[in-house]
Each structure stands twice: as structure tokens, then as C-alpha cells.
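> coordinates only, sequence not included:
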């Protein structure tokens, strides 16, 4: 799988830009603030319907414009698919595939797969649980696009349930009132979508574990300290992690029942996948708070490379994007990373300094300067 063309209209710093891309390695080189990352961010957005830099769509649209548009042509097994996304802050986004509108924007998920590594990925190690949840959920959806619906259902149910819990009238009513019966309906929906999400996360993490461990050992060069990953459920240790979906559903309902009064008092849903975490460890110690800067980079890179290999086992090479990462790595880690990515069908790299990129990753070069993208050379 690879992207053969990219066109942006009123996206970030670009009023209009068109790029023709090729298989193999392509590098976008330019000083900071010239628009390099905007290009690869757009490709990542097509694959995940989200940005690796911001949580909302509004910053993606060029200042003064009302809509931003991303168009790309994706080649998969010699079949060319044209994907177009119209980003409309404040209203629903729209999507077209091969010029035909699709019923839901999320119907484009799975048409392009990417793995994107960027400086923001340090948050996978040092950041909040929400950063690790987003990582695992984005990978889930790329691997199994239908889970985008499950994720959306859960988020919608959580929002509605929290709104109901925050209602001052609920806290004044006793069990058995109409309002509490309504809450029980949301309980069932939360447990249904939540149990599917938890089960899928745990299965994915199990698949990711060995790959992540081997990638960390290779990138860090440290064979004595093993990377570990453990799913931490807000339900505690009462449910075995490998329990089936129905067991998780029943456990969520039971925990909700036990926490009913506390949830009413606080006006907040206190259990569920939105409060879970992934514990990353090096040896016997948690990575967060104990891993050095270099170790943290190696962990984050290992997670992304493991994601790439996992998606590759499904039969299609994802597009690998390395956004301004070589400047953050020492020479040995740069060389190890280059060795790992050399076999990818398409690698897109951004860098402020050309010399940061290992010689083994020589390919098509674009210079990016003040929103102008110019091909420089190919080798």
C-alpha cells in the first residue's frame, strides 16, 4: 500500500498544494514552521480521522477559510482508490471515495493504513493514560475498522450518561424513579460497547507484546532489560484479563451497581474503558517516571514499529511516517531505525536538517519552504 498523490486545499498553512509521490523513501526537508509536518499530518488524518498533533479539527483549517480538503490517491494491489475528506469545523465532515459520497466519514477507515512516529509519541511513555488509550484505540480501528463504530457508540453513551449523572434532579431521587430507570438503560449500553472495546484492546495488546519487546531490544541495544505491557482495568483485578466479552459486560454492570451512589454524588462515570490504562515497564519498574529520555524514545519507537509489523501481518504494508524523529535520536538509534524501516513499501520522512537522515534512507527529496513544495532529487 502506498500514496501516489496528495492534494491539500485550505489545510493548515496551505491554500493549495499538490504532490506526486512514489514507492520507497520520500523525504520532506525544510526549516521548522515551513509546512513539512502539515503534509504527513494530512496523510495520517486520512487513515485515522484524527491528527497526531491536535485533538480537534478546527486548527487543521487554514485561517480565514471555512473548510479544509484532503485528497489522496492510494495504491493497493495495483488498484487506485481516490479518497477525499472535507473538514468542516462546527459541522459534520464529509467524505468521498472514487468521487462518490459515502454515508459516514468513518467508512473510509481501512482504505489507507499508516503508522506515524513523531516527537509527540513521548507521551505514550510520559503522558496521561488517555495518550496510551488513544494509541491502542487508533491501532484497533486501523486493524478492524468496524470498531470505529463501537468506539463512537461508547463515547456517545458515556457523554449521555455523564450528562444524566450531572443532573441535580437525579441525586435527589431514590432508586426506582423514572430518572434512575433511564440511567439503567444507559448502563446497559455502556456495558455492551465498553465490554467489546476492552476485549478488543486486551487481545490487541497480547498480539503487540512480543513484537514490542523485540523492537525495544533491537532499537535500544539492551538485551538485559525487557519491555513489558499490561492492561490496567478500572474494574480492578476482579476480572481475568483474558475473560470473554460477556464476562466483561457483566462485570461492568456489577461495578456500576456497586458505585451507583458515588457516581450520583460525583456526577461522573467512574468505571469503563475510558478510565483504563496500559502499564509500560522496563524490567520490574514502570517506564513512566523511571525510564531515561533515551529509554523513553526507544519505548515509543518500539511501540510504533511493533504496530507496523502487526498491521503488516494482515497482508498489507502500511505507509510508515517518521515526522521529525531523527533529530531526537543518537547515531546508533538512527542507524537501527533505518535498518528497520528500509523494507517498507513507502516511508515518508520529515526533517529540518538533511544530514540527520541516515544515508541508507536516500530516495525522493522535496524541499519545503514557506508552503512551497519542490522536488529536489531522487536516487
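Yes, it's here. These numbers were taken from a predicted model, which means no experiment stands behind them. Residues are numbered from 1 along each chain as shown.
> all helices of the stretch 201-350 of the chain, in order?
245-258, 260-266, 293-312, 331-341 (DSSP state H, counting those that start in this stretch).
> buried residues of the last one, list them for me.
Taking 16 or more other CB atoms under 10 Å as the neighbour-count basis, helix 331-341 is seen to contain the buried residues 333, 334, 336, 337, 338, 340, 341. The C-beta positions use only the backbone N, C-alpha and C, and glycine is treated the same way.
> repeat that for the shortest one.
Of the residues in helix 260-266, those buried by neighbour count under the rule 16+ other CB under 10 Å are 260, 263, 264.
> could you single out the nearest of the buried residues of helix 331-341 to residue 246?
Of all the buried residues of helix 331-341, residue 246 sits closest to residue 340, with 39.5 Å by CB to CB.
> now do the contacts for the closest one.
Counting by CB atoms under 8 Å, 6 or more residues apart in numbering, residue 340 touches 215, 218, 219, 305.
> separation between it and residue 122?
19 Å (CB to CB, to the nearest Å).
> could you find the closest non-adjacent residue to the most centrally placed residue in the chain?
Centroid-nearest residue in the chain, with CA atoms, centre = their mean: residue 138, separated by 3.7 Å. Spatial nearest neighbour of residue 138, excluding adjacent residues (CB to CB, 6 or more residues apart in numbering): residue 48 at 5.2 Å.
> now residue 153, nearest residue through space, not along the chain?
residue 193 (4.4 Å).
> contacting residues for that neighbour?
Residue 193 sits in contact with 150, 153, 154, 157, where contact means CB under 8 Å, 6+ apart.
> now, which of these sits nearest residue 233?
Using CB to CB, those come closest to residue 233 at residue 154, 14.7 Å.
> run through the residues that contact the closest one.
190, 193, 194, 197, 272, 273, 274.
> what helix or strand does the residue nearest to it when sequence neighbours are not counted sit in?
Distances taken as CB to CB, 6+ apart place residue 193 nearest to residue 154, at 4.0 Å, with adjacent residues excluded. Assignment of secondary structure by DSSP states H and E places residue 193 within helix 178-220.
> that helix - what's its average pLDDT?
For helix 178-220, the mean per-residue pLDDT is 92.
> got the angle between it and helix 331-341?
110 degrees (axes from the mean of the first three to the mean of the last three CA atoms, to 10 degrees).
> count of neighbours near residue 184?
13 (other CB atoms under 10 Å).
> show the buried residues in the contacts of residue 193.
150, 153, 154, 157.
> pop out the phi and psi values for the third one.
To tie it back to what came earlier, the one meant is residue 154. When read as degrees, to the nearest 10, the backbone of residue 154 gives phi -60, psi -50.
> tell me the spacing between it and residue 187.
With CB to CB as the criterion, residue 154 and residue 187 are 13 Å apart.
> go on, the last one?
Between residue 157 and residue 187 the distance is 9 Å, computed by CB to CB.
> ok so, going back, thinking the residue nearest to residue 138 is in contact with residue 143, fair?
No. The pair residue 48 and residue 143 fails to qualify as a contact (CB atoms under 8 Å) at a distance of 11.7 Å.
> for residue 208, which non-adjacent residue is closest in space?
Closest to residue 208 by CB to CB, 6+ apart is residue 306, at 5.4 Å.
> right, and that neighbour touches residue 207 too?
No. Here residue 306 does not reach residue 207: they are 9.1 Å apart, not a contact under CB under 8 Å.
> who has more neighbours out of these two?
Applying other CB under 10 Å to residue 306 and residue 207 shows that residue 306 carries more neighbours, namely 24 against 15.
> which residue ranges form the helices in the stretch 1-150 of the chain?
Using DSSP H, counting those that start in this stretch, helices in the stretch 1-150 of the chain cover 36-48, 123-126, 129-143, 147-166.
> out of those, nearest to residue 224?
Nearest of those (CB to CB): helix 123-126, 19.2 Å.
> list the helices and strands that closest one packs on?
Using 3 or more CB pairs under 8 Å, 6 or more residues apart in numbering; DSSP states H and E as the contact test, the elements touching helix 123-126 are helix 129-143, helix 293-312.
> turn the ones you listed into a markdown table, including distance to residue 68 and mean pLDDT.
Shown next, in a markdown table, are those (distance: least, CB to CB, whole Å; pLDDT from 0 to 100):
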| stretch | distance to residue 68 | mean pLDDT |
| --- | --- | --- |
| helix 129-143 | 21 | 94 |
| helix 293-312 | 26 | 93 |
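> what's the most buried one of those?
Counting by mean count of other CB atoms under 10 Å, helix 293-312 has the highest mean neighbour count of the helices and strands packed on helix 123-126, with a mean of 22.
> just give the closest residue to residue 294, not the sequence neighbours.
residue 330 (7.1 Å).
> residue 138 touches residue 50, doesn't it?
Yes. Counting by CB under 8 Å, residue 138 touches residue 50, with 7.0 Å between them.
> okay, now the unreliable bits of the chain?
168-177, 377-379 (pLDDT under 70).
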